[in-house]
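**Student:** Let me see the structure of the following:
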Amino acid sequence: MPKPTKGARLGGSPAHEKLMLANLARDLFEHGQIKTTVAKARRLQPLAEKLITKARRGDLHARRTVAKTITDKDVLYQLFDVIAPSIDPERQGGYTRIVNVAPRRGDNAPMCIISLVTEKLEKKAVVADAEKTAAKAAAEDDKAESAESVESAESTESAESAQSAEDVAEETSAKDK
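**Tutor:** Predicted coordinates:
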């Protein structure tokens, strides 16, 4: 659990704040997304990220550590056996997304939707283009190196054959004398 911040809290006490965050995390893992206030979502995001990271490890110690926060066994099963395997293995964080929505009617509190990100990690277009260019350059370098090795092998063979021809010519001239 995150250390309670100084000053204003989400609940009345640090213990109540921990319980509220644990309940929000449970609902997030159960439903995949929840609508809440921006302040609660920003406090929930680091906790959810840490719990998902532990769930991706998947060992017994991680399960027991997460079980201290998420006490519902059905949600714990869903987190470890459904959500964690569905996350892209290349993703090194950023398992949740916060999207702002219209303020709540009544008290005009800023609202948002916090959801789990399970899509495959896509590289930005600039990075993808740079990788394609680098791959093409590497392929061209490989072709150039193979062509150079073929040329050097041919030149070595021609040099050897030329030297052997000179040796033969010298031997025949020595026999003639």
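**Student:** Start from the N-terminal end of the chain and give the helices.
**Tutor:** In the chain, the segments counted as helices under DSSP state H are 14-31, 38-57, 60-67, 73-78, 84-86, 125-176.
**Student:** Just send those helices back as CSV, with mean pLDDT, distance to residue 118 and mean neighbour count too.
**Tutor:** In this view, the C-beta of every residue, glycine as well, is placed from N, C-alpha and C. What follows is these, written out as CSV (pLDDT from 0 to 100; distance: least, Cβ to Cβ, whole Å; neighbours: other Cβ atoms under 10 Å):
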stretch, mean pLDDT, distance to residue 118, mean neighbour count
helix 14-31, 93, 12, 18
helix 38-57, 94, 10, 19
helix 60-67, 96, 18, 14
helix 73-78, 94, 12, 14
helix 84-86, 91, 5, 14
helix 125-176, 69, 21, 10
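**Student:** so what's residue 41 up against?
**Tutor:** For residue 41, the set of contacting residues under the criterion of Cβ atoms under 8 Å, 6 or more residues apart in numbering consists of 98, 112, 114.
**Student:** okay, now the first one: neighbour count?
**Tutor:** Residue 98: 14 surrounding residues under other Cβ atoms under 10 Å.
**Student:** Just confirm it contacts residue 112, I think it does.
**Tutor:** Yes: distance between residue 98 and residue 112: 5.2 Å, which falls inside the contact criterion (Cβ atoms under 8 Å).
**Student:** Return the distance of the closest residue in space to residue 78 that isn't next to it in sequence relative to residue 67.
**Tutor:** Leaving out its chain neighbours, the residue that sits closest to residue 78 by Cβ to Cβ, 6 or more residues apart in numbering is residue 29, at 6.2 Å. Computed as Cβ to Cβ, to the nearest Å, the residue 29 to residue 67 distance reads 13 Å.
**Student:** ok, now residue 88?
**Tutor:** Per Cβ to Cβ, residue 88 is found 25 Å from residue 67.
**Student:** Fine by me, we can end here.
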